[in-house]
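okay, here's the prediction I keep looking at, along with the sequence it came from:
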Amino acid sequence: MSSPEVAISIVRRWLALALERIAAQEEELGRLDAAAGDGDHGATMVRGLRAAVAAADKAEGNAGQLLVEAGAAFADASGGASGALVGALLSTTGRTLGDGPYDTANVVRALQAGLTMVKRLGKAQPGDKTLIDALQPFVDALAAQAADQPLAAAWAAALPAARQGAAATAAMVARRGRSAKLGERSLGHPDPGAVSLTLLLQAADAVLSTG
Amino acid sequence: MTRLFNDPADFREELIEGFVAAYSRLVRRVPNASGVMAVDAPQPGKVSVVVGGGSGHYPAFCGYVGPGLASAAVMGNVFAAPSAEQVYRVTKAVASDAGVLYCYGNYSGDVLNFDMAELRCQDEGIDVRTVRVTDDVASAPRGQEEDRRGIAGDFFVFKIAGAAAARGDALDEVERLARKANDHTRSFGVAFGGCTLPGQAAPLFTVAPGRMELGLGVHGEPGVQSSHMRPAREVADLLLDTLLADAPQDVGSTVAVLLNGLGSTQYEEMFVLYKDVNRRLLAEGLTPYKPIVNEMVTSLDMAGCSLTLCWLDDELTPLLDAPCASAAYTTI
């Protein structure tokens, strides 16, 4: 269980590392997006994360409030569908997490609320080739960990489910979002939103594992 | 290739500033928001029509803001829907006591963000309605018209909604007429070359020499089918074969026509194509009404064009003809 101060530090370090890693993959994410979309996913994620990092650095309050502010800033700076969805995921998760406790059981509950909001807004379900195909298996796997397990260990154990979920989108035909208009052309390429979400979860793992 | 920019991250902001500087007689900047509003908006008792979408499509969307047309445009980054926060701020700036109509192309990012803003505005007591443009026949089959994306048909729907609002129609009526305009509008396009985002070295997609993509998207999404390049008269027939097979039910024989350039197709080529579009329309017993051969919804520097038909009637024609002034379209 993390103290409130450690949780604040983890949120800030996570967003900074996520920005660094997504920026390093910006072109690759753009290429994935261009396969059936408009090729701006990498740039959009970087723009959103820059704003989220700045907002979380400036925000006052607990770790939950930092995530709420980061989500609002992400959505506004990114725009598009992914901006609204990832922003809502951060904000809803943060709002549910609130002032803790920052343990596995509570983080699971907060992420489940975030996932529900993303599904409601995006009107997408697993199998539609969206970020949900990485997020849902991850949240399910995290929920399957022992509730009294330390968050870092539970997170690491759940991470392969996100990676596998994102990889599996390559075999899916898009049914939601702009790439849905291209049907079969989306086949063979993983969904960039699922890939970038996995990068976010991996960055969190790296930060959590160092405490 | 997009050549003129400073920091690509500032592209939207700088284009808004330049646009407002150039057309201050028609528009002003919405304070603290990524958007522009008509100099005469909002007007008490008149519905405000708010359009919007990603940048990269000029004159969509800011070029259609002005008296008699859109009240405001919310402008996203290049090819990215504006955020709900920006839609909300622009709506607040132009909301009148008669309410607000959102009108935009049907893309998931736009739908998400405009819907979120609509909910927030309704919570604050602003009556907001939405009509999404779904004219692109290539993007979903017949029977799934509401899933289609919006391309150059935006223009006819915006024009008719803006004219109804300027006439003083109530929100219910402006919404009904915009929906009817959309139901009567069909588009189909061809692409010959991709477009390049500001700061990027390579185009989003390429079309092989001697080939063309049918059913292009205005964000550089590849077409739904590839074909060998054909003479202009065959391209005209291909466009019209597709549109006429998808004609709306129970409509008359007068059609507003828009042959739209995507960004780097020459006007003179488009006139060559229009000659055969006109021939075929007449042969089909259709009467072209005030055709437009112009760039109305572009896709950065994409090569290609689209053909839009809007089947007119006694209700829609006067609205299409009604006076308006905007950077991209003025009629008296």
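Received it, and whenever you're ready, just let me know what you need.

lowest average confidence, helix or strand, in chain A?
Between all helices and strands in chain A, the lowest mean by mean pLDDT, DSSP states H and E belongs to helix A:26-34, at a mean of 88.

which stretches of chain B form strands?
B:27-29, B:35-38, B:48-55, B:72-78, B:100-105, B:128-133, B:185-193, B:211-214, B:225-228, B:254-261, B:287-294, B:303-311 (DSSP state E).

could you dump these to a markdown table with distance to A:L135, mean neighbour count and mean pLDDT?
Backbone N, C-alpha and C define where each C-beta goes, glycine included. Output for the strands of chain B, formatted as a markdown table (distance: least, C-beta to C-beta, whole Å; neighbours: other C-beta atoms under 10 Å in any protein chain shown; pLDDT from 0 to 100):
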| stretch | distance to A:L135 | mean neighbour count | mean pLDDT |
| --- | --- | --- | --- |
| strand B:27-29 | 38 | 20 | 98 |
| strand B:35-38 | 32 | 27 | 98 |
| strand B:48-55 | 25 | 29 | 97 |
| strand B:72-78 | 24 | 29 | 95 |
| strand B:100-105 | 27 | 28 | 98 |
| strand B:128-133 | 27 | 22 | 98 |
| strand B:185-193 | 34 | 26 | 95 |
| strand B:211-214 | 33 | 20 | 91 |
| strand B:225-228 | 33 | 12 | 88 |
| strand B:254-261 | 39 | 23 | 98 |
| strand B:287-294 | 44 | 15 | 98 |
| strand B:303-311 | 36 | 26 | 97 |
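
chain A: which of those strands is closest?
Proximity to chain A (C-beta to the nearest C-beta) singles out strand B:72-78 among those, at 4.5 Å.

now for that closest one, which elements pack on it?
helix B:11-22, strand B:35-38, strand B:48-55, helix B:84-94 (3 or more C-beta pairs under 8 Å, 6 or more residues apart in numbering or on different chains; DSSP states H and E).

on that earlier part again, ok, which of the strands of chain B comes nearest A:A204?
strand B:72-78 (26.4 Å; C-beta to C-beta).

and the least confident helix or strand of chain A, how far from the chain's centre?
17 Å (C-alpha atoms, centre = their mean, to the nearest Å).

circling back: mind putting the helices and strands packed on strand B:72-78 into a markdown table with distance to chain A?
Formatted as a markdown table, the helices and strands packed on strand B:72-78 follow (distance: least, C-beta to the nearest C-beta, whole Å):
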| stretch | distance to chain A |
| --- | --- |
| helix B:11-22 | 9 |
| strand B:35-38 | 12 |
| strand B:48-55 | 8 |
| helix B:84-94 | 4 |
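
what is the helix or strand of chain B with the lowest mean pLDDT packed up against?
Across the helices and strands of chain B, the lowest-confidence element by mean pLDDT, DSSP H and E is strand B:225-228, at a mean of 88. Applying 3+ C-beta pairs under 8 Å, 6+ apart, we find strand B:225-228 packed against strand B:211-214.

parallel or antiparallel, list what pairs with the strand it packs on.
Looking at strand B:211-214 with DSSP bridges, its partner strands are strand B:185-193 (antiparallel), strand B:225-228 (antiparallel).

distance to B:D154 added to the strands of chain B, as TSV?
As requested, those are exported to TSV (distance: least, C-beta to C-beta, whole Å):
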stretch	distance to B:D154
strand B:27-29	18
strand B:35-38	16
strand B:48-55	8
strand B:72-78	11
strand B:100-105	6
strand B:128-133	5
strand B:185-193	9
strand B:211-214	20
strand B:225-228	23
strand B:254-261	10
strand B:287-294	13
strand B:303-311	9
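
what's the closest of those to A:A105?
Nearest to A:A105, of all the strands of chain B, is strand B:72-78, at 38.8 Å by C-beta to C-beta.

could you check the angle the closest one makes with helix B:84-94?
Taking axes from the mean of the first three to the mean of the last three C-alpha atoms, to 10 degrees, one finds strand B:72-78 and helix B:84-94 inclined to each other by 160 degrees.

strand B:72-78 pairs with which strands?
Pairing partners of strand B:72-78, with direction, according to DSSP bridges: strand B:35-38 (antiparallel), strand B:48-55 (parallel).
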